[in-house]
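**Q** Mind looking at a prediction? Sequence and model below.
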Amino acid sequence: EPCPEPTIAPSYYTTSDAVIASESVFVVEISLVCKNGAQNVALYADVNGKQFPVTRGQDVGRYQVSWSLEHRQAQSGTYEVKFFDEESYSALRK
């Protein structure tokens, strides 16, 4: 289902205890509202050129993507997460 003119509100979480965990885990959750009222939008995410599936949350309009990196590969700072619907994701993969 297409989602024209989306409004997105993000939140995020990262692990912070390097002693207990062997990897850094990143979780990004978004709230998505579509101008046309679409609620079952299939989404995909791209982080640094790697694609990940986006799961739908239990609440309408909530979506989540997560990934992990070894601590030495996980850089501090900001990660850009790009979200795509099915049509734009297909174009990305070509």
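**A** Yep, it's here. All figures in this text were calculated on a predicted structure; none of them were measured in a lab. Numbering: from 1, shown residues only.

**Q** now Trp67: how far from Gln39?
**A** Look at Trp67 and Gln39: by Cβ to Cβ, to the nearest Å, they are 25 Å apart. C-beta: built from backbone N, CA, C; applies to glycine.

**Q** Of the two, which one has the most company?
**A** Neighbour count, other Cβ atoms under 10 Å: between Trp67 and Gln39, Trp67 has more, with 18 against 13.

**Q** gap between the host helix or strand of that one and the chain center?
**A** Assigned by DSSP states H and E, Trp67 belongs to strand 62-70. Its chain's C-alpha centre and that of strand 62-70 lie 6 Å apart, by Cα atoms, centre = their mean, to the nearest Å.

**Q** Pull up the pairing partners for the following helix or strand past it, direction included.
**A** Using DSSP H and E, the helix or strand that follows strand 62-70 in sequence is strand 81-85. Strand pairing for strand 81-85, using DSSP bridges, gives strand 43-47 (antiparallel).

**Q** Rounded mean pLDDT for the partner strand, please.
**A** The average pLDDT for strand 43-47 rounds to 95.

**Q** Can you pull out the residues in contact with it?
**A** The contact list for strand 43-47 (Cβ atoms under 8 Å, 6 or more residues apart in numbering) reads 26, 28, 32, 51-54, 63, 65, 67, 79-86, 89, 92.

**Q** bridging residues for the most centrally placed residue in the chain?
**A** Residue closest to the mean C-alpha point of the chain, counted by Cα atoms, centre = their mean, is Val65 at 3.8 Å. Val65 forms beta bridges with Val28, as assigned by DSSP bridges.

**Q** That one and Ala21, how far apart?
**A** When distance is defined by Cβ to Cβ, Val65 is 19 Å away from Ala21.

**Q** wait, what's in contact with Ala42?
**A** Per Cβ under 8 Å, 6+ apart, neighbours of Ala42: 1, 85-86.

**Q** Give me the buried positions along the strand holding Trp67.
**A** 63-69 (16 or more other Cβ atoms under 10 Å).

**Q** Phi first, then psi, for Val33.
**A** phi -120, psi 120 (degrees, to the nearest 10).
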